[in-house]
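J.: predicted model and sequence below, questions to follow.
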Amino acid sequence: MPRTAFTAAGAVAVGPYSHAVQAGELFYLSGQTPLDSATGKLVEGDIAAQTEKCFENLFKVLEAAGLSEADVVKANVFLTDMANFAAMNAVYATKFSAPYPARSTIAVAGLPLGAQVEIELIARKG
């Protein structure tokens, strides 16, 4: 099946990948780190600021694909330090409403460009 790719203005890719790919009714959004598209650098600040920027970038990708946060069915969160879980979770809780998407949160040794958090989404149209 051919891939239908989506690119969002204001989201940054740091490698050879699409911001999102559609397969049938499902949309797989590549992980977004807290990159500022204007500077190409990580946003400054704590995990809350970095989480906010991840969602800002992800929601731009959803919009480019004709979707919204209400279409998200699964989120994967990658943290370099699980001590940041509560602060990340506080921001995350403001981005969706019940019933919340399914989610995994995984501790990782490192993320691109030294980010503290990366978030990827799966959404369904319809």
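T.: Alright, I've got the coordinates. Residues are numbered from 1 along each chain as shown.

J.: helices of this protein, start to end?
T.: Remark: helices assigned in the chain by DSSP state H are 47-64, 85-92.

J.: quick check: buried residues in the shortest one?
T.: Spelled out, it's helix 85-92. For helix 85-92, burial by neighbour count (16 or more other CB atoms under 10 Å) applies to 87-88, 91-92. Heads up, the C-betas are built off the backbone N, CA and C, glycines and all.

J.: right, so of the helices of the chain, which gets closest to D71?
T.: helix 47-64 (7.0 Å; CB to CB).

J.: okay, the angle between the closest one and helix 85-92?
T.: For helix 47-64 against helix 85-92, the angle by axes from the mean of the first three to the mean of the last three CA atoms, to 10 degrees is 40 degrees.

J.: and helix 47-64, which residues are buried?
T.: Across helix 47-64, burial judged by 16+ other CB under 10 Å covers 47, 49-64.

J.: send me it as CSV with only the CA atoms.
T.: Presented in CSV, the C-alpha positions along helix 47-64 are these (Å, rounded to 0.1, in the frame of the first residue of the first chain):
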residue,chain,number,x,y,z
ILE,A,47,10.1,19.5,31.2
ALA,A,48,6.8,21.3,31.2
ALA,A,49,8.0,23.8,28.6
GLN,A,50,9.4,21.0,26.5
THR,A,51,6.2,19.0,26.7
GLU,A,52,4.2,22.0,25.7
LYS,A,53,6.4,22.5,22.6
CYS,A,54,6.1,18.8,21.7
PHE,A,55,2.3,19.1,21.7
GLU,A,56,2.4,22.4,19.8
ASN,A,57,4.4,20.6,17.1
LEU,A,58,2.2,17.5,17.1
PHE,A,59,-1.0,19.5,16.9
LYS,A,60,0.4,21.3,13.8
VAL,A,61,0.9,17.9,12.2
LEU,A,62,-2.6,16.8,13.1
GLU,A,63,-4.0,20.0,11.6
ALA,A,64,-2.0,19.4,8.4
